[in-house]
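# next one to model:
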Amino acid sequence: MLGLYIHIPFCASRCIYCGFYSTVPAKKKDERLSMEEQYVNAICHEMEMRAEKDYETFGGRTTGLTSIYLGGGTPSQLSFESLKKIFQTIDKVYHIGLKWDIENNSCTTTLPIEVTMECNPDDVTEEFAQNLHSLPINRISMGAQTFSDERLRFLHRRHTADEVETAVKHLRSVNIKNISVDLMFGFPNETLEEWKEDIDRLLALDIEHISAYSLMYEEGTPLYRLLQAGKVKEMDDELYRQMYNTLIDRLAEAGYEQYEISNFAKLKSQSSNLKVQSPYRSQHNSSYWHNVPYIGIGAAAHSYNNGKRSWNVADTKAYIAAIQENKLPCEEEIIDADTHYNDMIMTALRTCEGIDLSTLSAEYRTYLMRLAKPLQQQGLLKEENGWLHLTREGIYVSDSVMSDLMKV
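This is a model prediction of the structure:
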């Protein structure tokens, strides 16, 4: 198993909460198009440059991709020609078996592979949706964040609430059967009733996957500066708990499984007699939580295999310049046993399954269970059938629980 992530850093505007690496476009159209062309050429060339290196690094598995993810930034800002070039290069380098149907103007992959692209709702026009039909994309992830136009303006989002519903209709019209939507809660002055209304609006769309997060005040963002200036106030802990409880209960009632702290996938069967796993879990994001290697392409993108982690320079111009000189602009870190253990605590414990204790050496298993014992007694952790996982109470203090289990 191997995931491929491609970072597209371009955004039409910056949201006030975003801490990811992205850039806003130049004011002049020709400059914007030139930057897009240079960047797309660079990521395609990076894939070609890394082919031999990655083949050795990932043990000859670079032809066995199980997921592709175009994230950002806003990948839906790219032109159709740019997207087409990216997928042609992916097929050339990673051999995903693209099949181009010229007569029907469509493209599919012959392999059972999840291909996701992040989109902004207002980018998903009829024309955009038709172009998707000509690409091997079979999963869309959209950031709705809220169905309140007032809160969307506060976040500096470009779209309106109605455009989320319109986007879903356009995607369904071209047979996109796997749609994920992001939702946020915990806005300044948001009430529990307003949060329930957002959940109801989202459920009415009958989508396959939901990611829900509390509004985060990351240092360096405009939102954080508003907090520091006393212009906004964080949600109190009790309201957070009520909102999160409401989210979990409401989505469970609607037939979604919570397979990760913030992620919910629609179940095809709601039988109470069988523990059914949803086919709509994000395969790509699951690779991050389950120690699956992945390759990251583009400015600020990260790569990982079991023994090494690397990351590209978080500067679009510097990234392009290095690639044009046939240099890989990345730094690397060798992952020792303690770091690998700590990474597992931070990732696997986020999932509903938790940590598979059989994968740990006797030394680390003994260490983990010694630290876990008081947390189990507090009802924050539970061991079942050789797996250690958070309880519902433990999720609320997951950062603290994970910190307590770390190797220091």
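# list the buried residues in stretch 101-114.
Buried residues in stretch 101-114, counted by 16 or more other CB atoms under 10 Å: S106, C107, T108, T109, L111, I113, E114. To be clear about C-beta, it is placed using only N, CA and C from the backbone, and glycine gets the same treatment.
# just the CA atoms of that stretch, as PDB, please.
The C-alpha trace of stretch 101-114 is given here as PDB (Å, rounded to 0.1, in the frame of the first residue of the first chain):
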ATOM      1  CA  ASP A 101     -12.100   7.400 -23.800                       C
ATOM      2  CA  ILE A 102     -11.800  10.100 -26.500                       C
ATOM      3  CA  GLU A 103     -15.200   9.500 -27.900                       C
ATOM      4  CA  ASN A 104     -17.000  10.000 -24.600                       C
ATOM      5  CA  ASN A 105     -14.400  12.500 -23.300                       C
ATOM      6  CA  SER A 106     -13.700  10.600 -20.100                       C
ATOM      7  CA  CYS A 107     -10.800   9.100 -18.300                       C
ATOM      8  CA  THR A 108     -10.700   6.300 -15.700                       C
ATOM      9  CA  THR A 109      -8.100   4.300 -14.000                       C
ATOM     10  CA  THR A 110      -8.200   0.500 -14.500                       C
ATOM     11  CA  LEU A 111      -6.900   0.000 -10.900                       C
ATOM     12  CA  PRO A 112      -9.100   0.000  -7.700                       C
ATOM     13  CA  ILE A 113      -7.700   3.200  -6.500                       C
ATOM     14  CA  GLU A 114      -9.200   6.200  -4.600                       C
END
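# where does the protein have low pLDDT?
Scanning the chain for pLDDT under 70 picks out 19-20, 22, 24-33, 54-63, 102-103, 269-275.
# mind giving me the domain ranges of it?
As recorded under the TED database, the domains making up the chain are 2-289, 336-407.
# quick check: helices, which of the buried residues of stretch 101-114 are part of them?
Among the buried residues of stretch 101-114, DSSP state H puts none in helices.
# so which of the residues you listed is the closest to C11?
E114 (24.0 Å; CB to CB).
# ok, now how distant is that closest one from L70?
12 Å (CB to CB, to the nearest Å).
# which SSE is I68 in?
strand 67-72 (DSSP states H and E).
# cool, A300 as well?
Applying DSSP H and E, one finds A300 in no helix or strand.
# go on, Q277?
With DSSP H and E as the test, Q277 turns up in no helix or strand.
# residues near it, how many?
Q277 has 14 neighbours, counted by other CB atoms under 10 Å.
# how much space separates the spatially most central residue of the chain from V292?
The residue lying closest to the centre of the chain (CA atoms, centre = their mean) is N285, at 5.6 Å. From N285 across to V292, the span is 10 Å (CB to CB).
# what do you get for S400?
Going from S400 to V292 by CB to CB gives 27 Å.
# would you map the strands across the stretch 51-200 of the chain?
Secondary structure of the stretch 51-200 of the chain, counting by DSSP state E, counting those that start in this stretch: strands at 67-72, 98-101, 106-109, 114-119, 139-145, 179-185.
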